[in-house]
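In: Here is the input, now give the coordinates:
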Amino acid sequence: MTLLIRRPKTADIAALTDLYNHYIHTTTITFDIAPFTVEQRTQWFNHYRETGRHQLFIAELAGEVVGYASSSQLRSKAAYDTSVETSVYLNPKAHGQGIGTQLYHTLLSALATEDVHRAYAGITLPNPASIALHQKFGFKSVGVYREVGRKFGRYWDVEWFEKAL
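Out: Reported below is the predicted structural model:
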């Protein structure tokens, strides 16, 4: 089967919502607690552009959305505008196939042509696979926020990574 990395289509919103909701229900990878409706995720979806700092790429395998990588606003104050937060989410059955690597390669290559100075990623610990992916692309650890998020009845640390673009 051929993997396709592509720009998103409105028709992808339901699959993207289901994928993200899986992580809300089962992991601490996201600190969102309540699942999203498709209508709620549409606002998130609509802030992405084909060019610029906020981009979204879809991984499709055999006609099915199996993952995505995105860059979003790091903070709302204007001085942060040239910094972005990056994310990658994969369908669990797509893990270990290099799809996250292909998504991140596409995203970071696109961001390298934009007015982006730094990319950041917050990784809830432990998550050795995500840390390895980010390190593969040159992200360096810049510190740990201790017990910054509470989910599933306990507190979790988040390690922050950065990459110059």
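
In: Backbone dihedrals for the residue most central in space within the chain, please?
Out: For the chain, the residue lying nearest the average C-alpha position, counting by CA atoms, centre = their mean, turns out to be residue 87 (1.5 Å). For residue 87, the backbone dihedrals (degrees, to the nearest 10) come out as phi -140, psi 150.

In: Contacts only, for it.
Out: Counting by CB atoms under 8 Å, 6 or more residues apart in numbering, residue 87 touches 69, 70, 72, 121. Every residue, glycine included, has its C-beta placed from N, CA and C.

In: Export these as JSON lines, with columns for pLDDT and distance to residue 63.
Out: JSON lines is the format used below for these (pLDDT from 0 to 100; distance: CB to CB, whole Å):
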{"residue": "69", "pLDDT": "98", "distance to residue 63": "19"}
{"residue": "70", "pLDDT": "98", "distance to residue 63": "21"}
{"residue": "72", "pLDDT": "95", "distance to residue 63": "27"}
{"residue": "121", "pLDDT": "98", "distance to residue 63": "29"}
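
In: most surrounded residue in these?
Out: residue 69 (25 neighbours; other CB atoms under 10 Å).

In: Just give the closest residue to that one, not the sequence neighbours.
Out: residue 103 (3.8 Å; CB to CB, 6 or more residues apart in numbering).

In: Residue 127 now?
Out: Nearest to residue 127 is residue 29, by CB to CB, 6+ apart, at 6.9 Å.

In: if I look at the one you found, how far off is residue 97?
Out: 18 Å (CB to CB, to the nearest Å).

In: Between those two, which is the more surrounded one?
Out: For residue 29 versus residue 97, neighbours defined as other CB under 10 Å are more numerous around residue 29 (19 against 16).

In: which SS state does that one fall under?
Out: Three-state call for residue 29 (DSSP: H, G, I helix; E, B strand; the rest coil): coil.

In: how far is stretch 57-64 from where the chain is centred?
Out: 16 Å (CA atoms, centre = their mean, to the nearest Å).
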